[in-house]
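> please work out how this folds:
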Amino acid sequence: MVQYEELFERNMGVLTREEQERLRQSCVLVVGCGGVGGTVAVSLARSGVESFILVDYDDYEPSNMNRQVGCFTSTLGRKKAEVIAEQILEINPEAKVRCHPEYLSLDEVARLMGDADLVFPAADDFAFSIMVFREARLQKKPALLVFPSGTWANVTIIPEKGHTVEDVEGVPKLATYEELAEMLETRKYKMGTYYYVRRGNWKLDYYERFLSGEAPPAQLGPIVWMAASLGAMEAVKLLSGRWEPVQAPRYWTITTENIKVNRVNAPSAQTLLVWQRQAAWRIFQGPLGQVMEKAQALWYRQFTRRMAAREKRRAKRTGN
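Purely as a prediction, here's the structure:
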């Protein structure tokens, strides 16, 4: 059998043996082994992380093919967690992988965190992921955020204290999973994600279907893998101790124009969007809620006209 030192010999041109050994001894809990979860897990395995806890009850389906590292025609219908576990063991047969290809409650996931040095909430159900982030904080575990959408993504480490995932993404801090899940599926809240069209380059008709609950979030493979690779690098920084990771309140933003580090509440378009989402939801819940809904509907009509005109100009320019 090929030895660990041979597999990761090239790392030694950058990392010290002590830093590589820290990676080897680290354990990463991945909750959701799809687009970003599976890619981060495989990338960390190729970096020399040797212990994983994988949680995902979902099966591969054809719509996963455009971005999920474990999705092939040969794996359609198979459990994502099991496929990613097999890939990790193909990379490093000495890896220790605990695989949970069944639905686990938040309490069950919480019990798995004890052995983890890093928690990665990457479930399709963002409300559930938020609850996992909160549980990681309760257990004083750092957590990784990788959030792609179309051609845009945010990436950061959520530390044990300080700024939260809600601060980075502008999600109101509702108390329970049920409240979060209901809010995230509400059209008036979803309309606060209009930057998916402006910054993530979603087509307007697809965004309309998303608002109506008829379509899942749009994803583009290269951005998913780029964000996941950046997230894996932040994990390597944290686990090896070689570099200071980018962590909240700092976070990476990926767009088609650049990749840069932003800061929560610093002057930026992202901060404006975050404030809008949080403030609008509070107004919706108060006595001015109906007025706010009418104002939002009026604004959205203007927004769709502008975006439709932009799409026509782009089509004319590119000849498509």
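> what about T73, how many neighbours?
Using other Cβ atoms under 10 Å, the number of residues around T73 comes to 8. C-beta coordinates here come from the backbone N, C-alpha and C atoms, glycine included.
> where's it, which helix or strand?
For T73, there is no enclosing helix or strand under DSSP states H and E.
> K203 touches E311, doesn't it?
Yes - using Cβ atoms under 8 Å, K203 is in contact with E311, at 7.1 Å.
> hey, where'd the helices end up in the stretch 101-250 of the chain?
106-112, 126-138, 165-169, 177-184, 187-190, 195-198, 204-211, 221-240 (DSSP state H, counting those that start in this stretch).
> A strand includes I53, no?
Yes - counting by DSSP: H, G, I helix; E, B strand; the rest coil, one finds I53 located in a strand.
> report the contact partners of it.
By Cβ atoms under 8 Å, 6 or more residues apart in numbering, the contact list for I53 reads 27-30, 97-98, 100, 112, 115-116.
> one more pass at 6 Å, please.
Residues in contact with I53 (Cβ atoms under 6 Å, 6 or more residues apart in numbering) are 29, 98, 112.
> who wins for neighbours among the residues you listed?
In terms of neighbour count, L29 stands highest of the contacts of I53 at 25 neighbours, by other Cβ under 10 Å.
> how confident was the prediction at S74?
What the model reports for S74 is a pLDDT of 98.
> count the residues that sit near it.
Using other Cβ under 10 Å, S74 has 9 other residues around it.
> can you list phi and psi of it for me?
phi -80, psi -20 (degrees, to the nearest 10).
> ok, L145 to S43 distance?
According to Cβ to Cβ, to the nearest Å, L145 stands 16 Å off from S43.
> and for R313?
For R313 relative to S43 (Cβ to Cβ), the value is 38 Å.
> of those two, who's got more company?
It is S43, of R313 and S43, that has more neighbours when counted by other Cβ under 10 Å, with 21 against 10.
> one step back: need the winner for burial among the helices of the stretch 101-250 of the chain.
Across the helices of the stretch 101-250 of the chain, averaging neighbours per residue (mean count of other Cβ atoms under 10 Å) puts helix 221-240 on top, at a mean of 22.
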